[in-house]
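S.K.: Show me how the following folds:
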Amino acid sequence: MFHQPLRQTEGLVSSLLALMGLDLPVPDHSTLSRRARTLAVAPQIWTASEPVHLLVDSTGVKLSGPGEWLVEKHGTQRRRAWRKLHLAVDAGAIVASTLTSKEVDDAAELGPLLDQVDEPLAAVVADGAYDQDNVYDTVAEHSAEAMVVVPPRATAVLSASAETDPTQRDRHIQVIAGHGRMGWQRASGYNARAGAEGAMSRYKRIIGDTLRSHARPAQEVETRIAVTVLNRMLDLGRPDSVRAA
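M.R.: Numbering: from 1, shown residues only. Prediction:
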């Protein structure tokens, strides 16, 4: 956390426990590294909004490579590899996450994200990368009444049944044709997708944009721990609001 490798994390936790006056042992960095491959992270717990509006997005996270000294002395030997982190957000909290290789299509990972959400959905909001028929089918299998708010590509055309039985995508295309894309964004609630971008920004500013672990299982555990930490920070910082009048 806070862009800290495991050695620095070990020292940070020791300092925090000393400030709190707690006499507790701190696992050394090598133990943390070994346990990261098999550690079971509890599922995400969050207070679902009513109804659930799921905001979905993905971002790239780099794999840790040679240190800055080696890069400066010898230069980079190859292009830096990276993974793709997929997040689903509701009311600011990250409710589902997956880590895949960079080749995985965003839309193909929607199913594994929805598998982590038990509550019925009111809407799924995502960017144009999710403009695929299987996205609508996947959302319908989870929550039959849920809306799919995804901008159709500029070359999108109506389906053959648009006149008699329009699909959600058909209706999006029709609204865009009549009111323009900005009008469609306001009418559909697409602008709420900024919440997913905000979650991505929090992840990279607080956790960092680089995976410290080298093994794939450990990388998945690393991202799940990071998501849990971010949700805990959000929960602690969220005020308890009471209506005054």
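
S.K.: going forward, measure contacts and count neighbours with C-alpha atoms only.
M.R.: Will do.

S.K.: give me the number of residues near residue 222?
M.R.: 20 (other CA atoms under 10 Å).

S.K.: and it, what does it touch?
M.R.: Residues near residue 222 by CA atoms under 8 Å, 6 or more residues apart in numbering: 36, 211, 213.

S.K.: Which of the residues you listed sits closest to residue 29?
M.R.: Checking the contacts of residue 222 against residue 29 by CA to CA gives residue 36 as the nearest, at 10.6 Å.

S.K.: tell me the phi and psi of the closest one?
M.R.: Dihedral angles of residue 36 (phi, psi; degrees, to the nearest 10) stand at phi -60, psi -20.

S.K.: 228 is where my numbering starts, stick with that
M.R.: Sure thing, new numbering starts at 228, so read that last one as residue 263.

S.K.: how about a markdown table for the contacts of residue 449, with distance to residue 255 and pLDDT added?
M.R.: Formatted as a markdown table, the contacts of residue 449 follow (distance: CA to CA, whole Å; pLDDT from 0 to 100):
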| residue | distance to residue 255 | pLDDT |
| --- | --- | --- |
| 263 | 13 | 72 |
| 438 | 19 | 88 |
| 440 | 15 | 83 |
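
S.K.: Could I get these in a markdown table, plus columns for distance to residue 309?
M.R.: As requested, these are exported to a markdown table (distance: CA to CA, whole Å):
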| residue | distance to residue 309 |
| --- | --- |
| 263 | 19 |
| 438 | 9 |
| 440 | 12 |
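
S.K.: For those, give me a markdown table that also has neighbour count and distance to residue 414.
M.R.: Below are the contacts of residue 449 laid out as a markdown table (neighbours: other CA atoms under 10 Å; distance: CA to CA, whole Å):
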| residue | neighbour count | distance to residue 414 |
| --- | --- | --- |
| 263 | 20 | 45 |
| 438 | 21 | 38 |
| 440 | 20 | 43 |
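
S.K.: how close does the closest residue to residue 250 other than its chain neighbours sit to residue 237?
M.R.: Setting aside the residues directly before and after it, residue 250 is nearest to residue 244 in space (CA to CA, 6 or more residues apart in numbering), at 7.2 Å. Counting by CA to CA, to the nearest Å, the gap from residue 244 to residue 237 is 11 Å.

S.K.: Please say which of these two ends up with more neighbours.
M.R.: Between residue 244 and residue 237, counted using other CA under 10 Å, the more crowded position is residue 237 (17 against 14).

S.K.: Identify the residues contacting the helix or strand hosting the more buried one?
M.R.: Using DSSP states H and E, residue 237 sits in helix 233-246. Defining contact as CA under 8 Å, 6+ apart, one finds that helix 233-246 is touched by 228, 250, 251, 253, 254, 255, 256, 259, 260.
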